[in-house]
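K.L.:
this one's sequence-less:
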Ligand code: URP
Ligand code: ZN
Ligand code: ZN
């Protein structure tokens, strides 16, 4: 029988026979997954139950679900089941500072999944001279057919004129509901104030949320020149060039524009108390603002960037790692709801071949610290296990809140019938250490080499398909889908 005849016969059988027929069952059941006996933990609930998934979604949550014939059954006794984690800030394809960040969607999505992240929201970052629509299509082409996890983009607005506006409207129609603007990196991605004002007005009209890198670029440039003129060229100078006041001014600046336009804003990679104070003060006067911090700021401090023999270059990113005192402020901010999300800003550059571009001039060190694979495990170990945040906050800031802010909820970010079957079966008894030797990220070092991990994802699913089993990647490249999002921040 030819393919087409076979397809027609199958179609007749499905339509004619009742739902319980052998044909229908075999089709449905090959796509069925039952996860039994796990402790489901969401942002607001915690209970033991079985989860049944069919055709990409969760269809039933109950006690003692009998395994249907042909269904894949996973025993999750003694394990937590979390909704798939979402990283709201990653760079997978990024031409930046004269080079390219190292991962692609094959290595990046694999690393994400092994680390429990089932959805990535990548920054689409056209240069000022680039055409936004072409850039959007370029970024999309990097992910489609390669990603093993689901993905979306924040659309970078790196200039704003009539043509850009038209294209941004079209990009929103294609399923993008968030923009990204940079107050730093003038000449590359950075935006002028007139453009910022217009971009925010458009965002307000379209209900799009605007994510923003907040640092005062003029201050950074002047301080860099002064430091270099004084012969201070090592990686440890990077944080001297952009102290907390530089970031706080960036936040204050954005908040003024958000206040006057009424646009919803989201501050990416907030690193310090001074910047958080500005965001909280703005929120108190009615400005619409959410705050993201990074796992790096919660766990590392500026002494890492001061390591001798250029080792500090591994830890150069912007905003920079701060004084340790800020870590407590950020953990408390998560606990108290002042900080909404924890991301990675994953942006890997090799230590041996790329970071040395700034060997004699810290301003030329490609900025970024890889951490996509480690975010969930670090947040659990150094947040939950260390008593800084509870399990629900952990799920909220790394999944649920992200889904809500970026128009993916309740499809993503929770465990309930109808939601995508993106699940993380997490083994709290696992004990291990982070190492470059075992990581999946395509970069030649780990910023967390030797750090202890207490717990890790043992099974991960993406829309009902196994992507990780026994902690090992078993997913399929190309299974990841572009997630269409509709703006809601009117
Ligand atoms: O240092 C960083 N953060 N690198 C990635 C680019 C950015 O600013 O997000
Ligand atoms: Zn940034
Ligand atoms: Zn970034």
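P.N.:
Now that the structure is in, tell me what you want to look at. Everything numeric here is computed off the predicted structure, so don't read it as measured data. Ligands and ions are numbered 1, 2, ... in the order given.

K.L.:
which bits of this structure sit near ligand 1?
P.N.:
91, 213, 269, 317, 318, 345, 347, 367, 368 (C-beta under 6 Å from any ligand atom). The C-beta positions use only the backbone N, C-alpha and C, and glycine is treated the same way.

K.L.:
since we're on the second one, how many residues are nearby?
P.N.:
If I follow you right, that is residue 213. Under the neighbour criterion other C-beta atoms under 10 Å, residue 213 is assigned a count of 25.

K.L.:
before we move on, what about the first one?
P.N.:
As a burial measure, the neighbour count of residue 91 was computed by other C-beta under 10 Å and equals 23.

K.L.:
Leaving out chain neighbours, which residue sits closest to it?
P.N.:
Using C-beta to C-beta, 6 or more residues apart in numbering and skipping residues adjacent in sequence, the residue nearest residue 91 is residue 347, 4.4 Å away.

K.L.:
what about that neighbour, how many neighbours?
P.N.:
Neighbours around residue 347, by other C-beta under 10 Å: 25.

K.L.:
Could you do residue 160 as well?
P.N.:
There are 22 residues near residue 160, going by other C-beta under 10 Å.

K.L.:
ok so, going back, out of the residues of the chain next to ligand 1, which sit inside strands?
P.N.:
residue 213 (DSSP state E).

K.L.:
Can you add distance to residue 254 and give the residues of the chain next to ligand 1 back as a markdown table?
P.N.:
A markdown table is the format used below for the residues of the chain next to ligand 1 (distance: C-beta to C-beta, whole Å):
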| residue | distance to residue 254 |
| --- | --- |
| 91 | 20 |
| 213 | 9 |
| 269 | 13 |
| 317 | 20 |
| 318 | 16 |
| 345 | 17 |
| 347 | 21 |
| 367 | 20 |
| 368 | 22 |
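
K.L.:
Helices - which of the residues of the chain next to ligand 1 land there?
P.N.:
In helices, defined here by DSSP state H, there are no members of the residues of the chain next to ligand 1.

K.L.:
any idea which of the residues of the chain next to ligand 1 is closest to residue 135?
P.N.:
Of all these, residue 91 has the smallest distance to residue 135: 13.8 Å, by C-beta to C-beta.

K.L.:
Enumerate every residue touching that closest one.
P.N.:
101, 122, 123, 125, 345, 346, 347, 368 (C-beta atoms under 8 Å, 6 or more residues apart in numbering).

K.L.:
pretty sure the fourth one contacts residue 94?
P.N.:
Yes. Counting by C-beta atoms under 8 Å, residue 94 is a contact partner of residue 125 at 6.2 Å.

K.L.:
Please look at residue 319 and residue 220 and confirm they touch.
P.N.:
No. Using C-beta under 8 Å, residue 319 makes no contact with residue 220, being 9.9 Å away.

K.L.:
Those two: who's more crowded?
P.N.:
residue 319 (27 against 22).

K.L.:
contacting residues around that one?
P.N.:
215, 242, 246, 247, 269, 270, 271, 272, 275.

K.L.:
what do you get for residue 191?
P.N.:
157, 158, 159, 160, 181, 182, 183, 199.

K.L.:
about what we covered before: what is in contact with residue 319 and residue 220 at once?
P.N.:
What both residue 319 and residue 220 touch, as defined by C-beta under 8 Å, 6+ apart, is the set 242, 246.

K.L.:
Please list all residues in contact with the residue nearest to residue 91.
P.N.:
90, 91, 94, 96, 101, 317, 367, 368, 369, 370.

K.L.:
Under a three-state scheme, what state does the residue nearest to residue 423 when sequence neighbours are not counted occupy?
P.N.:
In space, and not counting its chain neighbours, residue 423 is closest to residue 461: 4.8 Å by C-beta to C-beta, 6+ apart. Following DSSP: H, G, I helix; E, B strand; the rest coil, residue 461 is assigned to strand.

K.L.:
now swap in residue 334 and tell me
P.N.:
Applying three-state DSSP: residue 334 is helix.

K.L.:
mind listing the strands in the stretch 1-150 of the chain by residue range?
P.N.:
32-41, 46-54, 57-62, 72-75, 80-83, 85-90, 95-96, 99-100, 117-124, 150-156 (DSSP state E, counting those that start in this stretch).

K.L.:
Bridged to residue 459, which residues?
P.N.:
residue 425 (DSSP bridges).

K.L.:
so who does the residue of the stretch 351-490 of the chain found nearest ligand 1 touch?
P.N.:
Residue of the stretch 351-490 of the chain nearest ligand 1, by C-beta to the nearest ligand atom: residue 367 (3.1 Å). For residue 367, the contacting residues are 96, 97, 316, 317, 318, 347, by C-beta under 8 Å, 6+ apart.

K.L.:
could you measure the most centrally placed residue in the chain against residue 274, distance?
P.N.:
Taking C-alpha atoms, centre = their mean, the centroid of the chain lies closest to residue 87, which sits 1.8 Å from it. Residue 87 sits 26 Å away from residue 274, going by C-beta to C-beta, to the nearest Å.

K.L.:
cool, residue 337 as well?
P.N.:
20 Å.

K.L.:
which of the two has more neighbours?
P.N.:
Between residue 337 and residue 274, residue 274 has the larger neighbour count (other C-beta under 10 Å), namely 20 against 11.

K.L.:
Next up, identify which helix or strand the more buried one is on.
P.N.:
helix 273-284 (DSSP states H and E).

K.L.:
is it true that residue 223 touches residue 239?
P.N.:
No. Residue 223 lies out of contact with residue 239 (C-beta under 8 Å); the separation is 10.5 Å.

K.L.:
who's more crowded, those two?
P.N.:
residue 239 (25 against 16).

K.L.:
A helix includes the more buried one, no?
P.N.:
Yes. Assignment of residue 239 by three-state DSSP places it within a helix.

K.L.:
Give me the distance between it and ligand 1.
P.N.:
Distance, residue 239 to ligand 1, using C-beta to the nearest ligand atom, to the nearest Å: 12 Å.

K.L.:
quick one: contacts for that residue?
P.N.:
Residue 239 touches 302, 305, 320, 321, 322, counting by C-beta under 8 Å, 6+ apart.

K.L.:
Show the pLDDT at it.
P.N.:
In this prediction, residue 239 carries a pLDDT score of 98.

K.L.:
try residue 68
P.N.:
94.

K.L.:
From what I see, it and residue 33 are in contact.
P.N.:
No. Contact criterion C-beta under 8 Å: residue 68 and residue 33 do not qualify, at 10.2 Å.

K.L.:
shared neighbours of the two, which are they?
P.N.:
residue 52.

K.L.:
Looking at those two now, which is surrounded by more residues?
P.N.:
A side-by-side neighbour count of residue 68 and residue 33, using other C-beta under 10 Å, places residue 33 first with 20 against 14.

K.L.:
how about the nearest residue to the more buried one once chain neighbours are set aside, what does it touch?
P.N.:
Nearest residue to residue 33 in three dimensions, chain neighbours excluded: residue 53, at 4.4 Å (C-beta to C-beta, 6+ apart). Neighbour list for residue 53: 32, 33, 34, 35, 59, 421, 423, 461, 464 [criterion: C-beta under 8 Å, 6+ apart].

K.L.:
quick one, what contacts the fifth one?
P.N.:
Taking C-beta under 8 Å, 6+ apart, we find residue 59 in contact with 52, 53, 417.

K.L.:
Now pLDDT too, for these, in TSV please.
P.N.:
Compiled in TSV, these are given as follows (pLDDT from 0 to 100):
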residue	pLDDT
52	98
53	98
417	98
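
K.L.:
Put together TSV for those residues, with distance to residue 233 on each row.
P.N.:
Converted to TSV, the contacts of residue 59 look like this (distance: C-beta to C-beta, whole Å):
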residue	distance to residue 233
52	60
53	55
417	58
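
K.L.:
Appreciated, that's everything.
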